[in-house]
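Engineer: I'll drop the sequence and a predicted model, then ask my questions.
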Amino acid sequence: MENSGAFEVNKAEVAALRLIAKTSSDSSAGTKATTQLSATAEMRPIATLLRCLLGWFLLSSALLPVLAADTKTARADPDFATLAVETQDAASVEYKIKAAYMLNFAKFVDWPREAFPAGDTPVTVCVLGKDPFGSDLEKAIGDKSIQGRPLCIKRIGANKPVEHCHLLFISSSERRRLPQILRSLTNACVLTIGDTEQFTRSGGMIQFTEQENTLRFHINAEAAEKAGLKISSKLLQIGQPQRERLERAPK
C-alpha cells in the first residue's frame, strides 16, 4: 500500500514537474518569441528604408545608360538637332518673301509730289512695333532705288509717332492699337501694310494672307485713294481687291 501510495505520489510529482517544466518552457518560448517580435518590429522601418534605397539604386543603374544613350541620340540625330532651327528658318523665309513683296509694292505705287519735299528725298520704308524682319529687310531693299530715289529703312518703337514714312509695315505687336494708328494716318500719304487679321477691313491698305500654303495679299484700293496714293493696275490684278473679298465673305 505504501509503495503503491508512494508510486502514486511520485507519479503525481512527476506530472506536476512536467506541467511546471512545460509552463516554464512555454513561458520561456513566449518570452523569446516576444523578444524576437519586438526586435523585428524595431528593425522593420530600417529594413523598409534599405529596400527603398536598394530599389532606387537598381532603378538608377538601369535608367542612367538609357538616358545617356537618348541624350547622345538626340545630339547625333539631325532631326532633333535641327527641329528648332527649321522652325526659325520657316519664319525667316516667310519674312524674306514679305520683304521682297514690299520692294515691289514700292515699285507699283505712285505718291503725290508733296510726299517728297526734295528731289533726293528717299523712299522711306518703316516698321512700327516689334520687327519681324531682322536683317532681311536690309538685304531685300537696302541698296535698291525706285525712280531715282534711294530706299531707306526706319524702325519705330511702340507708342512712338509715325513720321516721314512712305511705306509703313505695322507689326502684329500693335494689333490692339491698329485702329488708333490708322486714324492718325488719315491725312498722310503712307502706304500701310500688315499681316494681322482684319487689317484691310480696319482701314489698312495691303494685308498679307496665307492661302493653301501660299503667301498672298489683299488690297484696300479705296483706302489708298483717300490717302492720295495711286496703285498700279498690275499690282491690283495680282492682289485680291478688298471689295471682292468682302462680297465673297460668308454672311
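Structural biologist: Thanks, I have the structure now. Note that the structure is predicted; figures quoted are calculated from it, not measured.

Engineer: the chain - how does it break down into domains?
Structural biologist: Domain ranges of the chain: 1-76, 95-248, per automatic domain parsing.

Engineer: for the protein, which strand is longest?
Structural biologist: When the chain is parsed with DSSP state E, its longest strand is strand 149-156.

Engineer: give me the buried positions along it.
Structural biologist: By neighbour count on 16 or more other Cβ atoms under 10 Å, the buried set for strand 149-156 is 149, 151, 153-156. (Glycine included, C-beta is placed from N, CA and C.)

Engineer: before we move on, what about stretch 203-214?
Structural biologist: Of all the residues in stretch 203-214, those buried under the rule 16+ other Cβ under 10 Å are 203-209.

Engineer: can I get the residues you listed in CSV with pLDDT?
Structural biologist: CSV is the format used below for these (pLDDT from 0 to 100):
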residue, pLDDT
G203, 95
G204, 96
M205, 97
I206, 97
Q207, 97
F208, 96
T209, 94
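
Engineer: in CSV, list those along with distance to L137 and secondary structure.
Structural biologist: As requested, the buried residues of stretch 203-214 are exported to CSV (distance: Cβ to Cβ, whole Å; DSSP: H, G, I helix; E, B strand; the rest coil):
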residue, distance to L137, secondary structure
G203, 24, coil
G204, 19, coil
M205, 19, coil
I206, 16, strand
Q207, 18, strand
F208, 14, strand
T209, 20, strand
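
Engineer: out of the residues you listed, which is nearest to W111?
Structural biologist: Among the buried residues of stretch 203-214, M205 lies closest to W111 (Cβ to Cβ), at 12.6 Å.

Engineer: if I pick the closest one, what's in contact with it?
Structural biologist: Applying Cβ atoms under 8 Å, 6 or more residues apart in numbering to M205 gives the contacts 191-193, 219-220, 223-224, 227, 229.

Engineer: nearest to D110, out of those residues: which one, please.
Structural biologist: Checking the contacts of M205 against D110 by Cβ to Cβ gives L229 as the nearest, at 7.0 Å.

Engineer: pretty sure the closest one contacts C189?
Structural biologist: Yes. If you go by Cβ atoms under 8 Å, L229 and C189 touch, sitting 6.3 Å apart.

Engineer: avg pLDDT for stretch 121-135?
Structural biologist: For stretch 121-135, mean pLDDT is 95.
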